[in-house]
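Trainee: When you get a sec, could you give me coordinates for this:
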Amino acid sequence: MRFGISWDPAGPTALQDAWRSQVAEAVAADGVGLDSLWIHHEREGDNALSAPSAALAYLSSKTRSIQLRMGLRQADRGSPVRIAEEVAIVDLFSRGRVGLCLASPARQDVALSQVQELVALTAAAWQLDDFRFRGEHTRFPAHTPDEAPPGVSLPSPEEEWRPQWEWGPATPDYLAVTPKPAQVAPAMHVELDRAVLRWLAEAGISPFVPADVPTDEALRLLTDYQEVRRGSPAVTVPVEPVLERRVALGGTTDDHTFGGTPVEIADQIRRAGRQAGVRHFVWRRTAAQRGRSDQLFTAAAEIQPLVQA
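Mentor: Numbering: from 1, shown residues only. As a prediction, the model looks like this:
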């Protein structure tokens with residue numbers, strides 16, 4: 001099982017101080033061999049982080065091998081093409097370490113079809129050259145006609161090819177999104193809830209359950225996701241279910257927290273893996289824990305080895 005970290009919003013702390021602590025923790029997590037760090041797209045509060053790609057671009061220069069994840073990215077804050085470009089640029093900076101996790105439709109108050117289109121269009125943008133896309137919410141290029149096939153379509157093999165710069169002032173009917181990421185396909189996750197469960201399982205998309213979902217419900221969601229997946233053609237597609245929880249070293253377990261000794265915390269994580277197929281555990285760091293890099297050494301030296309034993 002992989003082990004990562006994420007952070008609560010800065011809260012009342014001065015944003016500059018909180019960010020310095022977060023960078024120090026990211027460097028420490030990379031140094032002790034943790035697998036991932038997640039920067040969530042936060043919209044609420046004075047210290048919300050509205051540009052996770054900028055934060056990840058900076059952290060890519062401070063770390064060597066830890067995976068960088070843009071968490072709970074919201075579709076309504078930018079066009080799908082812009083989001084695909086953001087991920088690709090940071091992936092190039094980091095030499096292939098970036099992935100994207102989209103917020104659920106409920107979290108961002110959009111239709112399910114809008115998130116589905118975002119997944120389809122970003123995948124096409126990363127992997128295809130000239131293409132067009134016709135959806136209910138997005139058309140790329142914008143002048144794509146109503147008679148175009150729904151979703152992604154490619155130019156006819158018989159169509160004469162001309163470079164985009166030779167089209168003059170007219171926009172080509174098929175466009176390539178550049179730059180391409182360093183990876184063939186950056187990791188893609190979508191926040192899991194009941195509304196998207198069947199779609200994610202049948203499409204072979206990796207689910208992410210955030211720390212604000214109570215643990216019992218989180219494990220039920222992931223268990224049901226695995227059950228639907230076993231009955232679908234996507235059962236052969238590799239997925240990486242992610243569970244995000246708060247962790248209280250020396251503290252108590254509650255609806256959103258794994259607490260106790262390192263042995264007890266490792267046992268709770270292992271049980272989540274056995275029960276619900278969790279393959280990636282993310283420690284959601286609280287404001288009080290921010291800057292406590294010693295706790296990350298405990299995670300890497302004591303908790304993670306016990307989980308993997």
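Trainee: mind listing the strands in the stretch 201-309 of the chain by residue range?
Mentor: 206-209, 242-249, 257-260, 280-285 (DSSP state E, counting those that start in this stretch).
Trainee: Dump those strands to TSV, plus mean pLDDT.
Mentor: Listed next are those as TSV, based on pLDDT from 0 to 100:
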stretch	mean pLDDT
strand 206-209	98
strand 242-249	98
strand 257-260	98
strand 280-285	97
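Trainee: Nearest to residue 94, out of those?
Mentor: strand 280-285 (18.1 Å; Cβ to Cβ). No exception for glycine: its C-beta is placed from N, CA and C like everyone else's.
Trainee: which secondary structure element contains residue 22?
Mentor: helix 15-32 (DSSP states H and E).
Trainee: now swap in residue 198 and tell me
Mentor: helix 197-203.
Trainee: For that helix, the averaged confidence score.
Mentor: Taken as a whole, helix 197-203 carries a mean pLDDT of 97.
Trainee: Please identify the buried residues of that helix?
Mentor: By 16 or more other Cβ atoms under 10 Å, the buried positions in helix 197-203 come out as 197, 200-201, 203.
Trainee: related to what we said a few turns ago, can I get the strands of the stretch 201-309 of the chain in CSV with mean neighbour count and distance to residue 231?
Mentor: Output for the strands of the stretch 201-309 of the chain, formatted as CSV (neighbours: other Cβ atoms under 10 Å; distance: least, Cβ to Cβ, whole Å):
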stretch, mean neighbour count, distance to residue 231
strand 206-209, 25, 16
strand 242-249, 24, 22
strand 257-260, 20, 30
strand 280-285, 25, 23
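Trainee: want to throw the ones you listed into CSV with distance to residue 98?
Mentor: Shown next, in CSV, are these (distance: least, Cβ to Cβ, whole Å):
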stretch, distance to residue 98
strand 206-209, 15
strand 242-249, 15
strand 257-260, 27
strand 280-285, 15
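Trainee: Residue 302: which of the ones you listed is closest?
Mentor: Using Cβ to Cβ, the strands of the stretch 201-309 of the chain put strand 242-249 closest to residue 302, at 9.5 Å.
Trainee: Please report the distance of residue 133 from residue 84.
Mentor: 11 Å (Cβ to Cβ, to the nearest Å).
Trainee: who touches both of the two?
Mentor: Residues touching both residue 133 and residue 84 (Cβ atoms under 8 Å, 6 or more residues apart in numbering) are residue 121.
Trainee: And what about the residue nearest the centre of the chain, helix, strand or coil?
Mentor: Compute the mean C-alpha point of the chain, and by Cα atoms, centre = their mean the closest residue is residue 101, 2.1 Å away. Secondary structure assignment for residue 101 (DSSP: H, G, I helix; E, B strand; the rest coil): strand.
Trainee: Report the contact partners of it.
Mentor: The neighbours of residue 101, taking Cβ under 8 Å, 6+ apart as the test, are 38, 69-73, 188-191, 208, 242.
Trainee: If we use 10 Å, what do you get?
Mentor: Residues near residue 101 by Cβ atoms under 10 Å, 6 or more residues apart in numbering: 38, 40-41, 52, 69-73, 187-191, 206-208, 210, 242, 244.
Trainee: about what we covered before: for whichever helix or strand comes after the helix holding residue 22, packing partners?
Mentor: Going down the chain from helix 15-32, the next helix or strand is strand 36-40, by DSSP H and E. Counting contacts by 3 or more Cβ pairs under 10 Å, 6 or more residues apart in numbering; DSSP states H and E, strand 36-40 packs against strand 2-7, helix 15-32, helix 52-62, strand 67-73, strand 98-102, strand 242-249, strand 280-285.
Trainee: Which one of these lies nearest to residue 306?
Mentor: Of all the helices and strands packed on strand 36-40, strand 2-7 sits nearest to residue 306, with 11.0 Å by Cβ to Cβ.
Trainee: in its sheet, what does that closest one sit against?
Mentor: Note on strand 2-7: by DSSP bridges, its sheet partners are strand 36-40 (parallel), strand 280-285 (parallel).
Trainee: okay, and for the chain, where does confidence drop off?
Mentor: Within the chain, the ranges that satisfy pLDDT under 70 run 11-13, 43-48, 76-77.
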